[in-house]
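**Q** the following comprises the amino acid sequence and a computationally predicted model.
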Amino acid sequence: MTPFLALFLTPLSSTAADLRALNQLFQERFYLDWVENRCGENTARLVAAANQRRIDLSESVIIGAEDFMGYFGLISGYVAREGGSMIQPAPQQAPFRHPGRNNWYFHVFLVAMETVNPSTRGQVAVYDLSFLNQPTVLNLTRYLDQMYMPEGTFGDPNTRAKHLKSFQFSIYDARTYVTQGQSKARIRDKTYLRDLFPSYYRHQSPNDSEFFGAF
């Protein structure tokens, strides 16, 4: 089973077509839209491609993550795309390095949630072009654990509180971000993750849709 498919093996209602379409687009664009250390531009290109294809982005946000108390004020991605050692023997085409730790001043990615109906929130999916070396879609909790915490510490609320206590998210409406600009798209500015998604720090498997209920 590939990581890309792991989130989507359960049957979905017809109203969840937006995530299925985003999955397909993400798989198609993963090797086309990525430029190293250009996460904001990479994510904007992905969203622009979704908008051009008329994929439903009504429950989609672009996240700008920061960690001012991190390593020299940087945010650490532990399985960043091509962030590790060189692959041997050297391949003829990318990826040329294994996933590994990389540090950024900020990091940008797309988060989308299926909408079953106006009163029911569905599953949440993260689309990060800098996460691992192959298109991998996870829910928000698993993505946060695997990308931003050392291996072997996943799923423990106490460890999350220790490693991600100073995480801050700026949140932008995805479609507005690429059609009208960042300032008009802003929903929340530099808000602690612990305030946006408190159950992530209290439960092993929180309900990811609670994150969208915070804004």
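**A** Perfect, thanks for sending it.

**Q** next, the contact list for N102, please.
**A** Going by C-beta atoms under 8 Å, 6 or more residues apart in numbering, N102 touches 76-77, 80, 83, 130. Heads up, the C-betas are built off the backbone N, CA and C, glycines and all.

**Q** hmm, try it at 7 Å
**A** When contacts are counted by C-beta atoms under 7 Å, 6 or more residues apart in numbering, N102 touches 77, 80, 83.

**Q** secondary structure, neighbour count and distance to F169 for the residues you listed - can I get that in TSV?
**A** TSV is the format used below for the contacts of N102 (DSSP: H, G, I helix; E, B strand; the rest coil; neighbours: other C-beta atoms under 10 Å; distance: C-beta to C-beta, whole Å):
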residue	secondary structure	neighbour count	distance to F169
G77	strand	24	15
A80	strand	24	18
G83	coil	20	21
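
**Q** tell me which helix or strand E210 sits in.
**A** helix 209-212 (DSSP states H and E).

**Q** and the gap between the residue nearest to the spatial centre of the chain and A90?
**A** Of all residues in the chain, the one closest to the mean position by C-alpha atoms, centre = their mean is V126, 3.7 Å from it. Separation of V126 from A90 (C-beta to C-beta, to the nearest Å): 31 Å.

**Q** Y201 too?
**A** From Y201 across to A90, the span is 42 Å (C-beta to C-beta).

**Q** do S166 as well
**A** In terms of C-beta to C-beta, S166 sits 38 Å off from A90.

**Q** report the rounded mean pLDDT for whichever strand or helix holds R20.
**A** Using DSSP H and E, R20 sits in helix 17-29. Averaging pLDDT along helix 17-29 gives 90.

**Q** tell me the helix or strand right after that helix.
**A** helix 39-52.

**Q** keeping just the C-alphas, turn that next one into CSV.
**A** C-alpha atoms of helix 39-52 as CSV (Å, rounded to 0.1, in the frame of the first residue of the first chain):
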residue,chain,number,x,y,z
CYS,A,39,7.3,26.4,-0.3
GLY,A,40,5.0,29.4,-0.6
GLU,A,41,5.4,29.7,-4.4
ASN,A,42,5.1,25.9,-4.7
THR,A,43,1.9,25.7,-2.8
ALA,A,44,0.4,28.7,-4.7
ARG,A,45,1.1,27.0,-8.0
LEU,A,46,-0.6,23.9,-6.7
VAL,A,47,-3.7,25.8,-5.6
ALA,A,48,-3.7,27.8,-8.9
ALA,A,49,-3.7,24.6,-10.8
ALA,A,50,-6.7,23.3,-8.7
ASN,A,51,-8.5,26.6,-9.3
GLN,A,52,-7.9,26.4,-13.0
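
**Q** tell me what angle it forms with helix 17-29.
**A** Here helix 39-52 points in a direction 120 degrees away from that of helix 17-29 (axes from the mean of the first three to the mean of the last three C-alpha atoms, to 10 degrees).
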